[in-house]
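Colleague: Predicted model and sequence follow; I will ask about them next.
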Amino acid sequence: FHLEAVVSTQSTGGRKRKKTNIIDPTEIKKVSKVFVRGDAPDLKSIQDKKLKRELIVREKQNAQAIRSAAFNQLLLPEERGCLEADEGERTLKFKQSEIVKHVDVGSARKHFSLTLPHHGPYHCAYSRNGRKLLIGGSKGHIATFDWQTGQLGCEFHVKETVRDVAWLHNRDYIAVAQKKYAYIYDGQGTELHRLKNHINPVHLEYLPYHWLLVSTGATGFLKYTDVSVGKLLVELKTRLGQPHSMCHNPWNAIVNLGHSNGTVTMWSPSMKEPLVKMLCHHGPVSAIAVDNTGRHMVTCGLDKQMKVWDARSYKESLAYYTHRPGSNLAISQTGLIAVTLGGQVQVWKDAFKTKQKAPYMTHQVEGSTIEGLDFANFEDVLGLGHSKGFTSILIPGAGEANYDALENNPFESKRQKQESEVKMLLNKIQPELITLDQGSIHKMKDEIEEIPLDSLNPKEIVLKFKMKGKNSAKRRFHRREKHIHDDKRQKVRAALERAKKENEGISDEPKTMLDRFKYKDN
């Protein structure tokens with residue numbers, strides 16, 4: 001499987017084509033080793049022909065996928081950067097002022113601060129393409145803008161407590177968790193919907209491929225609303241009080257909740273009970289996050305620990321001790337973990353693979369507490385919402401260098417935005433398909449349970465002989481008439497017995513000791 005270019009050369013016999021390889025096959029083999037997942041099965045030891053044939057087909061498909069991924073990796077035009085330190089230095093000692101001096105002008109503009117001390121602390125959220133920024137102050141200030149150009153989208157004040165903010169399917173719709181209800185606003189700040197079913201919301205999450213807005217709050221209910229039709233889908237009672245944290249798994253759209261008793265529960269709208277319930281901390285779970293691959297989950301608790309979990313086997317992988325309890329967590333596209341400790345934010349690199357001795361980078365917001373935390377997709381930028389406003393800092397290597405324009409296009413036009421919205425609505429996934437194992441959706445259960453004959457008891461086997469025409473319309477009519485006549489016959493018999501007793505002077509009333517003194521007619 002080679003990538004070839006066709007070069008035309010002129011000769012006496014006509015046009016002649018020559019094939020030349022652009023990429024060396026040895027480079028493809030080196031890159032393909034990164035995408036190999038496990039060893040191939042030993043096909044010689046398998047005697048079942050059907051199983052052997054299926055495994056051969058799967059191995060061919062895996063090999064084709066590995067080769068395609070290796071070609072894409074070699075043809076990607078951009079490479080992500082990183083922060084490297086000289087001998088005797090550490091990257092966590094680098095300050096933002098030093099980084100800004102050594103980067104280009106375009107990257108230096110991405111580091112800025114907004115001083116808004118009267119409406120904080122602020123919650124922040126970047127759009128899926130990393131272009132737009134949404135900030136929401138706890139005292140009611142809401143604003144959206146293009147953070148790269150500084151163009152303001154909308155700005156308004158709801159005059160009410162704001163607990164969380166979230167983007168919906170595009171940059172024209174936002175969801176805000178206010179004091180009493182959850183609200184949906186458009187790009188101009190106009191109120192479109194008031195979701196009365198979402199009472200006292202505290203956390204908001206949006207599932208883009210299912211068009212579901214998820215909220216949880218003081219009532220302890222987990223509520224799903226389909227924003228494409230504007231109807232409440234389901235209400236799930238957690239029975240564990242108000243959750244302290246919430247996030248969703250980008251891989252399978254499972255919603256994870258962190259509770260006050262140290263447990264993390266995983267929910268699907270099609271099940272009334274949690275799919276998984278695991279004990280993670282010896283205290284309330286203050287923050288939770290899942291990476292884009294759905295393989296790793298990170299939790300923070302009031303026991304001053306940050307733990308990394310395998311989201312597939314539900315086992316603890318690594319544990320880190322922090323000097324303060326972590327209040328917010330965020331994971332970048334490249335696997336960097338950001339955790340807030342009061343007014344300080346720490347960024348950890350390669351924390352999923354091996355245990356790190358020190359964080360990759362740190363940043364301190366003086367005299368403030370960080371409440372909002374989010375990475376900008378396709379950018380080396382981390383947004384911090386705190387009590388004094390908003391701050392954007394540079395984190396080299398945080399964003400994905402190459403983007404898929406058909407999935408999330410940071411430079412999409414108005415026409416492309418409209419077309420993408422229609423395509424997303426046509427490709428909407430039904431909520432019944434939200435499961436832990438996404439690979440089980442396209443499979444069929446063709447296994448038949450075989451019961452051995454020795455385990456069967458002949459006495460327990462009851463043979464049923466069915467007669468033809470037993471349940472015909474004529475038979476049903478006669479059975480109904482028979483029941484009617486039986487009721488009439490019983491009523492007539494009861495009336496005759498009652499009349500007979502009256503003629504004989506027999507009363508149905510019970511006899512007492514004083515009946516002997518009664519006057520008798522005879």
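Modeller: Yep, it's here.
Colleague: where along the stretch 351-500 of the chain do the helices fall?
Modeller: With DSSP state H, counting those that start in this stretch as the definition, the stretch 351-500 of the chain shows helices at residue ranges 414-426, 473-504.
Colleague: Which one of these has the poorest average confidence?
Modeller: The minimum mean pLDDT among the helices of the stretch 351-500 of the chain belongs to helix 473-504 (a mean of 80).
Colleague: Extract the C-alpha set from stretch 379-394 and format it as CSV.
Modeller: Extracted as CSV, the C-alpha positions of stretch 379-394 are listed here (Å, rounded to 0.1, in the frame of the first residue of the first chain):
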residue,chain,number,x,y,z
GLU,A,379,-5.4,26.4,20.3
ASP,A,380,-2.7,26.4,23.0
VAL,A,381,-4.9,28.4,25.3
LEU,A,382,-6.5,27.8,28.7
GLY,A,383,-9.3,30.1,29.9
LEU,A,384,-9.6,30.9,33.6
GLY,A,385,-12.7,32.5,35.1
HIS,A,386,-12.1,34.0,38.6
SER,A,387,-13.6,36.5,41.0
LYS,A,388,-11.8,39.4,39.3
GLY,A,389,-12.8,38.6,35.7
PHE,A,390,-11.3,36.3,33.0
THR,A,391,-7.8,35.4,32.1
SER,A,392,-6.5,33.6,29.0
ILE,A,393,-3.0,32.0,29.4
LEU,A,394,-0.8,30.2,26.9
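Colleague: Report the distance from that stretch to the chain centre.
Modeller: Distance, stretch centre to chain centre, for stretch 379-394: 24 Å (CA atoms, centre = their mean, to the nearest Å).
Colleague: remind me which residues of the stretch 1-150 of the chain are low pLDDT?
Modeller: 1-24 (pLDDT under 70).
Colleague: at 50 what do you get?
Modeller: 1-20 (pLDDT under 50).
Colleague: Tell me where the model's unsure across the stretch 251-400 of the chain.
Modeller: Low-confidence segments of the stretch 251-400 of the chain, defined by pLDDT under 50, are absent.
Colleague: Out of the helices of the stretch 351-500 of the chain, which gets nearest to residue 128?
Modeller: With CB to CB, the closest approach to residue 128 among the helices of the stretch 351-500 of the chain belongs to helix 414-426: 10.4 Å. Yep, even glycine has a C-beta here, placed from its N, CA and C like the rest.
Colleague: Show me where the stretch 1-150 of the chain has its helices.
Modeller: Using DSSP H, counting those that start in this stretch, the helices assigned to the stretch 1-150 of the chain run over residues 25-32, 49-75, 96-101, 105-108.
Colleague: circling back: mean neighbour count, the helices of the stretch 351-500 of the chain: which tops it?
Modeller: With neighbours defined as mean count of other CB atoms under 10 Å, the helices of the stretch 351-500 of the chain peak in mean count at helix 414-426, which reaches a mean of 12.
Colleague: which other residues reach that helix?
Modeller: Helix 414-426 is contacted by residues 169, 170, 171, 208, 209, 211, 228, 409, 412 when judged by CB atoms under 8 Å, 6 or more residues apart in numbering.
Colleague: re earlier: can you redo the helices of the stretch 351-500 of the chain as TSV with distance to residue 358?
Modeller: Formatted as TSV, the entries for the helices of the stretch 351-500 of the chain read as follows, by distance: least, CB to CB, whole Å:
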stretch	distance to residue 358
helix 414-426	42
helix 473-504	82
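Colleague: and residue 38, which of those helices is closest to it?
Modeller: In terms of CB to CB, the element of the helices of the stretch 351-500 of the chain nearest to residue 38 is helix 414-426, at 33.9 Å.
Colleague: Just say helix, strand or coil for residue 199.
Modeller: The three-state assignment at residue 199 reads coil, by DSSP: H, G, I helix; E, B strand; the rest coil.
Colleague: can you pull the contacts of it?
Modeller: Neighbours of residue 199 in contact, by CB under 8 Å, 6+ apart: 180, 181, 217, 219.
Colleague: Could you check how many residues crowd around residue 74?
Modeller: Other residues within reach of residue 74 by the criterion other CB atoms under 10 Å amount to 16.
Colleague: same question, residue 438
Modeller: Summarising burial for residue 438: neighbours were counted as other CB under 10 Å, giving 14.
Colleague: Repeat that for residue 183.
Modeller: The burial metric for residue 183, expressed as a neighbour count using other CB under 10 Å, is 21.
Colleague: Could you say which helix or strand holds it?
Modeller: Residue 183 is part of strand 182-186 when elements are defined by DSSP states H and E.
Colleague: Am I right that residue 372 is in contact with residue 387?
Modeller: No. Checked against CB atoms under 8 Å, the pair residue 372 and residue 387 is beyond contact range at 10.5 Å.
Colleague: Would you mind telling me which of the two has the busier surroundings?
Modeller: Counting neighbours by other CB under 10 Å for residue 372 and for residue 387 shows that residue 372 has the greater number, 24 against 19.
Colleague: ok so, going back, can you say which of the contacts of helix 414-426 are buried?
Modeller: For the contacts of helix 414-426, a burial check counting by 16 or more other CB atoms under 10 Å picks out 169, 170, 171, 208, 211, 409, 412.
Colleague: separation between residue 382 and residue 284?
Modeller: Plainly put, residue 382 is 25 Å away from residue 284 if you go by CB to CB, to the nearest Å.
Colleague: Looking at the two, which has the bigger crowd around it?
Modeller: Between residue 382 and residue 284, counting by other CB under 10 Å, residue 382 is the more crowded of the two (25 against 19).
Colleague: Next up, the contacts around the more buried one.
Modeller: With CB under 8 Å, 6+ apart, residue 382 has these contacts: 330, 332, 338, 345, 347, 373-376, 392-395, 398.
Colleague: repeat that with 7 Å
Modeller: By CB atoms under 7 Å, 6 or more residues apart in numbering, the contact set of residue 382 is 338, 375, 393, 395, 398.
Colleague: What is the nearest of those to residue 120?
Modeller: Distance to residue 120 across the contacts of residue 382 (CB to CB) is lowest for residue 393, with 17.2 Å.
Colleague: Just grab the bridge partners of the closest one for me.
Modeller: For residue 393, the beta-bridge partners are residue 382 (DSSP bridges).
Colleague: these two touch, right, it and residue 95?
Modeller: No. Using CB atoms under 7 Å, residue 393 and residue 95 do not qualify as a contacting pair, with a distance of 10.1 Å.
Colleague: neighbour count winner among these two?
Modeller: Set side by side, residue 393 and residue 95 show more neighbours around residue 393, with 23 against 12, by other CB under 10 Å.
Colleague: Against residue 367, how distant is that one?
Modeller: Remark: distance between residue 393 and residue 367 (CB to CB) = 17 Å.
Colleague: Repeat that for residue 308.
Modeller: Remark: distance between residue 308 and residue 367 (CB to CB) = 31 Å.
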